[in-house]
Structure formats: structure tokens, C-alpha cells
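Q: Have a look at this prediction, sequence included:
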Amino acid sequence: MICIVDAVMRLVEDARTLEAAGCFAFVIECVPEIVGEILTRSVHIPSIGIGAGSHCSGQVLVYHDMLGLLDHPLKPKVREAGESEK
């Protein structure tokens with residue numbers, strides 16, 4: 001069984017390998033916020049998060065999730081369509 005720390009360290013190694021290979025950015029999807037933060041701080045290229053927390057360099061917002069068109073257990077942290085700041 002893989003330890004969570006070992007799995008995160010493997011992801012850090014992978015991110016650094018992508019950076020060394022010349023990638024200009026990388027995508028992190030559906031990981032706990034702390035993992036997104038660790039990965040973002042581990043490299044000098046931008047991280048693009050999809051459900052990876054607020055510490056990523058940028059975020060992707062899937063409009064199906066934003067509009068509530070799909071019913072799935074991983075609810076996004078966005079306002080439902082029609083809600084607005086007052």
C-alpha cells in the first residue's frame with residue numbers, strides 16, 4: 001500500500017520532471033487543497049487547478065458544475081447560477 005506522503009512526493013517529482021522537460025504549465029485535478037499548494041510551491045511554472053484548491057496559479061471552472069447541470073458527489077465551491085453579490 002502506498003503511503004499518502006509517498007504519493008504526494010511522487011507527484012512533486014512528476015511536476016519537477018515536467019518543468020525540467022520544458023513544460024510551461026501543468027494541470028492538477030481533484031486533489032486536496034494542501035496537495036495543490038505543495039505542488040504549486042514545488043515548481044517555478046504555473047499550476048492550473050481543477051478542484052485542487054485556491055493555492056494553484058490559476059483555476060478552471062467547468063460551466064456544467066457552475067450551472068449545476070450535473071449531479072455528482074464532488075460539488076464545486078462556486079455559487080449556483082443566478083446567485084449574485086448584493
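A: Happy to help now that I have it. Numbers count the residues shown, from 1 in each chain.
Q: Could you use CA atoms for every contact and neighbour count after this?
A: Noted.
Q: okay, and the helix or strand of the protein with the least pLDDT?
A: helix 63-66 (a mean of 74; mean pLDDT, DSSP states H and E).
Q: Report the buried residues of that helix.
A: 65-66 (16 or more other Cα atoms under 10 Å).
Q: Where is the longest helix in this protein?
A: Criterion DSSP state H: the longest helix present in the chain is helix 4-20.
Q: what's the distance between it and the middle of its chain?
A: Centroid separation for helix 4-20 versus its chain: 14 Å, with Cα atoms, centre = their mean, to the nearest Å.
Q: And the very next helix or strand once past it, what does it pack against?
A: Per DSSP states H and E, the first helix or strand lying C-terminal to helix 4-20 is strand 26-29. Where contact means 3 or more Cα pairs under 8 Å, 6 or more residues apart in numbering; DSSP states H and E, strand 26-29 is packed against strand 47-50.
Q: Which strands or helices does the strand it packs on pack on?
A: Packing contacts for strand 47-50, counted by 3+ Cα pairs under 8 Å, 6+ apart, involve strand 26-29, helix 33-42, strand 58-59.
Q: So which of the ones you listed is the most surrounded?
A: A comparison of these by mean neighbour count, using mean count of other Cα atoms under 10 Å, puts helix 33-42 on top with a mean of 19.
Q: what does that one rub up against?
A: By Cα atoms under 8 Å, 6 or more residues apart in numbering, the surrounding residues in contact with helix 33-42 are 8, 11-12, 15-16, 28, 46-47, 49, 52-57.
Q: Now do it against helix 4-20, angle only.
A: 40 degrees (axes from the mean of the first three to the mean of the last three Cα atoms, to 10 degrees).
Q: can I get the CA coordinates of helix 33-42 in PDB?
A: Output of helix 33-42 as PDB, limited to C-alpha atoms (Å, rounded to 0.1, in the frame of the first residue of the first chain):
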ATOM      1  CA  GLU A  33      -6.100  21.800  -1.300                       C
ATOM      2  CA  ILE A  34      -2.900  21.100   0.600                       C
ATOM      3  CA  VAL A  35      -1.600  18.900  -2.200                       C
ATOM      4  CA  GLY A  36      -2.300  21.600  -4.800                       C
ATOM      5  CA  GLU A  37      -0.400  24.000  -2.600                       C
ATOM      6  CA  ILE A  38       2.600  21.700  -2.200                       C
ATOM      7  CA  LEU A  39       2.700  21.100  -6.000                       C
ATOM      8  CA  THR A  40       2.400  24.800  -6.800                       C
ATOM      9  CA  ARG A  41       5.200  25.700  -4.400                       C
ATOM     10  CA  SER A  42       7.500  22.900  -5.600                       C
END
